[in-house]
Structure formats: structure tokens, C-alpha cells
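Trainee: Got a sequence here, can you model it:
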Amino acid sequence: MGTFSKKLQKVDDIFAKIEMFFVIICGIATIGLTVLVVVDVAMRNLFNYPIPGGVEATELILPYIVFLAMAYTLHTGGHVRVNILYDRFPKPLKNGAEGLDCLIGFAFFGLLTWFGALHFWESFRILEFMMAAIKLPWWVGKFSMPLGTLAITLRFALRFIHVIIGDNITAVESISAG
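Mentor: Below you'll find the model as predicted:
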């Protein structure tokens with residue numbers, strides 16, 4: 001393994017820790033969301049008094065569950081792939097297809113990151129609040145999109161570099177082989 005590959009692996013390891021931190025946030029958000037919904041439903045049915053802003057609060061939490069887990073899922077090979085043709089490709093064509101996949105993913109999620117950041121920034125700048133029983137800031141929920149899409153954009157960039165240098169050891173190959 002060359003010096004560049006070692007440095008790239010170190011960056012990859014650091015980024016994997018960041019992805020794991022995001023997944024932990026997703027888990028905490030999922031548990032929090034579940035508790036919030038259960039308590040809200042129980043209070044609504046038992047006392048005819050739901051949690052004020054409970055439904056709106058779930059709308060702020062849910063995007064974190066969705067967006068923050070995307071890069072980790074890509075890293076572990078958890079996204080749905082149709083490998084009917086890919087498995088029959090010779091190695092050079094597989095590398096080309098993987099590289100093209102990384103470029104398209106990088107461009108797509110890069111655009112989502114850019115426009116999500118603009119959308120978040122505008123909401124933050126004007127201090128946008130939800131119309132709910134209590135004041136809930138919209139920008140808190142909108143922050144999850146640019147954060148999560150930036151992470152998956154960077155993961156696609158790292159994967160592309162691995163493909164270019166011929167170090168194409170991806171979760172996809174280990175899953176297909178197993």
C-alpha cells in the first residue's frame with residue numbers, strides 16, 4: 001500500500017467515525033421520536049390532551065433519521081443495488097461502472113447539498129418558525145438535509161478516489177461475493 005493509499009485510508013477511517021456518530025444521532029432521534037409519539041397518543045387517548053406541538057416536533061426530528069444515515073448506509077453497502085448485469089461485467093468494466101456511479105452520486109448529492117444549504121440558510125436568516133401550538137424553529141429540521149447530503153457527497157468522492165487509484169475494495173464487492 002502506497003503513501004497516498006495509507007493517507008486515503010486514514011481519511012476514510014476518520015470519515016467512517018463521523019458517519020458512525022451520525023448513525024448514533026439517528027438512533028437517539030428514532031428513540032426520541034418513538035417516545036414522543038407514544039406519549040402523545042397516550043395523552044390524547046387517556047386525558048384528551050395531546051402534547052402541544054407534538055406532531056410538528058416529529059416533523060423536525062424525522063429528517064435527521066433519514067438524511068444522517070445515508071452516508072453510513074452507502075459505506076456499508078446497504079443501499080439497494082440491482083447487480084444482474086454488474087455481476088457479469090469483467091473487472092475493468094466493473095471499475096468503470098463503479099466510477100460512473102460515484103460521479104453521478106457525487107453530482108446529484110452535491111446539488112442537493114447546495115440547494116438544501118441555501119434553503120436552510122434562508123430559513124435560519126429569517127428565523128422561520130412552524131405554525132404550531134408552541135414556537136418550533138423550522139431551520140432546525142432543515143439543517144439535517146445539507147448535513148446529511150454533504151456526508152454522502154463526501155463518501156461518494158472518497159469511493160471515487162478509491163476506484164481511480166485501483167483500491168476498489170467496497171462493501172458492494174464483499175456483499176456480492178458473500
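Trainee: Spatially central, which residue of the protein would that be?
Mentor: residue 70 (2.6 Å; Cα atoms, centre = their mean).
Trainee: shaky segments in this protein?
Mentor: 1, 168-178 (pLDDT under 70).
Trainee: One more pass at 90, please.
Mentor: 1-6, 8-9, 77-87, 89, 91-92, 94-95, 131-133, 166-178 (pLDDT under 90).
Trainee: any idea where the helices of it begin and end?
Mentor: 3-47, 54-67, 70-75, 91-125, 138-142, 144-164, 171-177 (DSSP state H).
Trainee: follow-up on the earlier one: look up the closest residue to the residue nearest to the centre of the chain, ignoring the ones flanking it.
Mentor: Distances taken as Cβ to Cβ, 6 or more residues apart in numbering place residue 152 nearest to residue 70, at 4.5 Å, with adjacent residues excluded. The C-beta positions use only the backbone N, C-alpha and C, and glycine is treated the same way.
Trainee: Tell me how many other residues surround that neighbour.
Mentor: 27 (other Cβ atoms under 10 Å).
Trainee: Please apply the same query to the one 5 residues further on.
Mentor: The number of residues packed near residue 157 is 17, by other Cβ under 10 Å.
Trainee: And it, how close does it get to residue 56?
Mentor: 35 Å (Cβ to Cβ, to the nearest Å).
Trainee: circling back: in CSV: the helices of the chain, plus distance to residue 131.
Mentor: Conversion of those to CSV gives the following (distance: least, Cβ to Cβ, whole Å):
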stretch, distance to residue 131
helix 3-47, 18
helix 54-67, 8
helix 70-75, 29
helix 91-125, 14
helix 138-142, 10
helix 144-164, 20
helix 171-177, 43
